[in-house]
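Asker: Mind folding the following:
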Amino acid sequence: MRRHRNLKIVATLGPSSSDYETIRALFDAGADVFRLNMSHGSHDDVRARHEIIRQVEKDTGRPICILADLQGPKLRVGEFAEGGEMLEPGQGFRLDLKDEMGDATRVTLPHKEIFDALEPGARLLVNDGKIVLKVTACGSDYADTEVVVGGLISNRKGVNVPDVVLPLAALSDKDRADLEFVCTIGVEWLALSFVQRPEDVQEARELAGGRAAILSKIEKPAAVAAYDAILEVSDGIMVARGDLGVELPVQKVPPIQKRLVRGARAQAKPVIVATQMLESMITSPMPTRAEVSDVAAAIYEGADAVMLSAESAAGDYPVDAVRTMNDVAVEVETDPTYRMIIEASRPETQSTVADGIVSAARQIAEKTSGITAICCFSESGTTALKVSREKPRVPIIALTSRLGTARRLCLSWGAHCVITAEVDRFKMAVVAAARAARTEGFAEESDQIIVVAGVPFNQPGSTNILRVAPCEERLIFATEPG
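Answerer: Model prediction:
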């Protein structure tokens, strides 16, 4: 199965997409990566969905990527004697550590770490920012606030604290247990919530122990401020616009999104744009025009992937939502303006041999007629990531003998992943590449391909050779030196 687009689609699984038939339909409609949201469902639920994905992978013969999204620490108020209270602008309201039911004057906030970090003037955003409280006085076990924006505050509503860096680890006890569980059953990516500093990423990486790549969700102002350092220690990035739009003025989110995407692209690390992309399709079979434009904007920016959350997990039209994203991507990528934007925004590469090789491969492919694909051998995935960063006009075929690498690369722009036998000579690598290009529908025997690899083989980061080769095996051997 070949996708006729380079963008990748991430579909979250949930109550609306938990059986084989639906998950297979999501894959057939265009889903390349399945997200398991660890905020919802038991380990048994997650295991069942994981097994179905692997069965779909077996039945289709195509590698499929699984991303496990860790919940992160959730900050919530306690409960109210009446279930909730209406807060009016200008009134005072206290948050404290008392183990008592809330009323119109106070409620429990069972997170001492917040009180330790708060200062007068800081904002507390309740229920996705619908209620805004401003701290007027605070201590180690309380915060007196003034209601700036009122509304109904009810049991267990979430709290965001955008103005301070909270002394909270990105991994809760639940997250550590979830991380070990998903790494044991096997996932390719771990999405880390509540990242504020690079140390948060390092902790997750140590716990994962190389069993999964680490994708940092940028959803806190502190993460935006420390983005370069976080990106440096991450394998990928998710632009989590939901919480960003709560904790920051909404008008700041679009330029931040562009900066995050460009930064990740420059480092050859995959980046997902997520949250509310086709929100109306939770209940409607058709998206709004604005939502389609939002998806298109992420594609024009050069994002590796776009993500569906509730649309595919709990919506009424999960398959239609994936199909819509697929159709938008195909349309955008055939727009001449798309190539102009992508090429004008191509980042400067580092001056390593590998960067020079993949840059040359892209230029040769674009300036030489008859070349139909760039085939890269990549055991660790690094070579394929660098080719993906170049955003070439011809397809990318990522060949590897490691199933885990093939699955992980399914998140990367343009990478069509193929499992091959190990090769120890470049001639055999060229033969394998030509066969894959023909078998997978990317080339005819009369075409040429570019083969990029590292010699000696099976050493990560050794990309040092490029060859333009015919797709007919008879010609490969006839033109091989010696």
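
Asker: Which other helices and strands does the host helix or strand of Val430 contact?
Answerer: If you go by DSSP states H and E, Val430 is part of helix 426-439. When contacts are defined as 3 or more CB pairs under 8 Å, 6 or more residues apart in numbering; DSSP states H and E, helix 426-439 packs onto strand 371-377, strand 396-400, strand 448-454, strand 463-470, helix 473-479. No exception for glycine: its C-beta is placed from N, CA and C like everyone else's.

Asker: Please identify the buried residues of that helix?
Answerer: Using 16 or more other CB atoms under 10 Å as the burial criterion, the residues of helix 426-439 that qualify are Phe426, Ala429, Val430, Val431, Ala432, Ala433, Ala434, Arg435, Ala436, Ala437, Arg438.

Asker: Check stretch 56-71 too.
Answerer: Buried residues in stretch 56-71 (16+ other CB under 10 Å): Val56, Glu57, Arg62, Pro63, Ile64, Cys65, Ile66, Leu67, Ala68, Asp69, Leu70, Gln71.

Asker: Determine which two of these are furthest apart.
Answerer: Arg62 and Gln71 (29.5 Å; CB to CB).

Asker: beta partners of Arg467?
Answerer: Residues in a beta bridge with Arg467, per DSSP bridges, are Val451.

Asker: State the pLDDT value of it.
Answerer: Reading off the confidence values, Arg467 has pLDDT 95.

Asker: For burial, what's the neighbour tally of it?
Answerer: Arg467: 19 surrounding residues under other CB atoms under 10 Å.

Asker: The residue positioned nearest the centre of the chain: which element?
Answerer: Note on the chain: the residue nearest the mean C-alpha position is Ile272, at 3.7 Å, using CA atoms, centre = their mean. Assigned by DSSP H and E, Ile272 belongs to strand 271-274.

Asker: tell me what that strand is packed against?
Answerer: When contacts are defined as 3+ CB pairs under 8 Å, 6+ apart, strand 271-274 sits against strand 236-240, helix 241-247, helix 253-266, strand 305-308.

Asker: who touches Ile237 in this structure?
Answerer: Each residue near Ile237 by CB atoms under 8 Å, 6 or more residues apart in numbering is listed here: Leu215, Ser216, Ile218, Leu231, Leu260, Gly263, Ala264, Lys269, Pro270, Val271, Ile272.

Asker: Bridged to it, which residues?
Answerer: Beta-bridge pairing of Ile237 under DSSP bridges involves Ser216, Val271.

Asker: follow-up on the earlier one: my guess is the residue nearest to the centre of the chain contacts Val239. True?
Answerer: Yes. The pair Ile272 / Val239 is scored as a contact, 6.9 Å apart, by CB atoms under 8 Å.

Asker: any residues in contact with both of the two?
Answerer: Overlap of the contact sets of Ile272 and Val239 (by CB under 8 Å, 6+ apart) consists of Ala303.

Asker: neighbouring contacts of the helix holding Val430?
Answerer: Here helix 426-439 makes contact (CB under 8 Å, 6+ apart) with 372-373, 375, 377, 397, 399, 418, 420-421, 423, 442-445, 447, 449, 451, 453, 455, 457, 465, 467, 469-473, 476-477, 480.

Asker: now do stretch 34-41
Answerer: For stretch 34-41, the surrounding residues in contact (CB under 8 Å, 6+ apart) are 10-14, 23, 26, 46, 49-50, 53, 64-71, 74, 175, 178, 182, 187, 191, 307, 309, 313.

Asker: what about Ser462, how many neighbours?
Answerer: Ser462 has 18 neighbouring residues, counting by other CB under 10 Å.

Asker: Actually, Leu385.
Answerer: 25.

Asker: Excluding chain neighbours, what is closest to it?
Answerer: Spatially, and ignoring its direct neighbours in sequence, Leu385 is nearest to Ala268 (4.5 Å; CB to CB, 6 or more residues apart in numbering).

Asker: just Val148 next, same as before
Answerer: Using CB to CB, 6+ apart and skipping the chain neighbours, the partner closest in space to Val148 is Val132 (4.2 Å).

Asker: What of Ser154?
Answerer: Distance criterion CB to CB, 6+ apart; nearest residue to Ser154, sequence neighbours excluded, is Gly84 at 3.2 Å.

Asker: Could you do Asp45 as well?
Answerer: Leaving aside its sequence neighbours, Asp45 sits nearest to Ser18 (CB to CB, 6+ apart; 7.4 Å).

Asker: in what helix or strand does that neighbour lie?
Answerer: Using DSSP H and E, Ser18 maps to neither a helix nor a strand.

Asker: Poorly predicted segments of the stretch 301-450 of the chain, please.
Answerer: Along the stretch 301-450 of the chain, no part satisfies pLDDT under 70.

Asker: One more: the stretch 1-150 of the chain?
Answerer: In the stretch 1-150 of the chain, no residues with pLDDT under 70.

Asker: Return the member of the buried residues of stretch 56-71 nearest to Ala137.
Answerer: Nearest to Ala137 among the buried residues of stretch 56-71: Gln71, at 31.8 Å, using CB to CB.
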